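Visitor: Starting from these lines, generate the structure:
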Amino acid sequence: MNIIGRLTKDAQVSKAPNGREVVNFSIAVNETYKNKEGQRIERTEYVDCSYWLTPKVASWLSQGLLVELWTYKCKGMGIQ
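Guide: Predicted structure coming up:
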């Protein structure tokens, strides 16, 4: 699965109850298509994300940045 979108605001680092740091951010994914009548439809979906591997990524996850999220057979997720 791949999701490509832009960050809606700067990423924020918070601590989970177990003390582990997590980076939280949201991306906006735009979709354009034509319906049966041939009208162009534009739709935006918002995806809330959490990144657990390292809090260091928060320093470059700023509002408007284009990111791609991907998974491989549910074994992990990365940010590009």
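
Visitor: which residues are in contact with the strand ranked longest in the chain?
Guide: Looking across the chain with DSSP state E, the single longest strand is strand 21-34. Strand 21-34 is contacted by residues 3-16, 40-52, 55, 57-58, 61, 67, 69 when judged by C-beta atoms under 8 Å, 6 or more residues apart in numbering. All C-beta spots, glycine's among them, are computed from the backbone N, C-alpha and C.

Visitor: Type out the ChimeraX command that picks the buried ones from these.
Guide: The ChimeraX selection below is limited to those of these classed as buried (16 or more other C-beta atoms under 10 Å):
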select :5,7,11,49,51,55,58,61,67,69
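
Visitor: Quick check: the residue most central in space within the chain vs Gly19, distance?
Guide: The geometric centre of the chain, computed from its C-alpha atoms, lies nearest to Ile27 (C-alpha atoms, centre = their mean), at 4.1 Å. Per C-beta to C-beta, to the nearest Å, Ile27 is found 27 Å from Gly19.

Visitor: Tell me the secondary structure at the residue lying farthest from the centre of the chain.
Guide: In terms of distance from the mean C-alpha position of the chain, Glu37 ranks first, at 31.8 Å (C-alpha atoms, centre = their mean). With DSSP: H, G, I helix; E, B strand; the rest coil as the basis, Glu37 sits in coil.

Visitor: Understood, closing this out.
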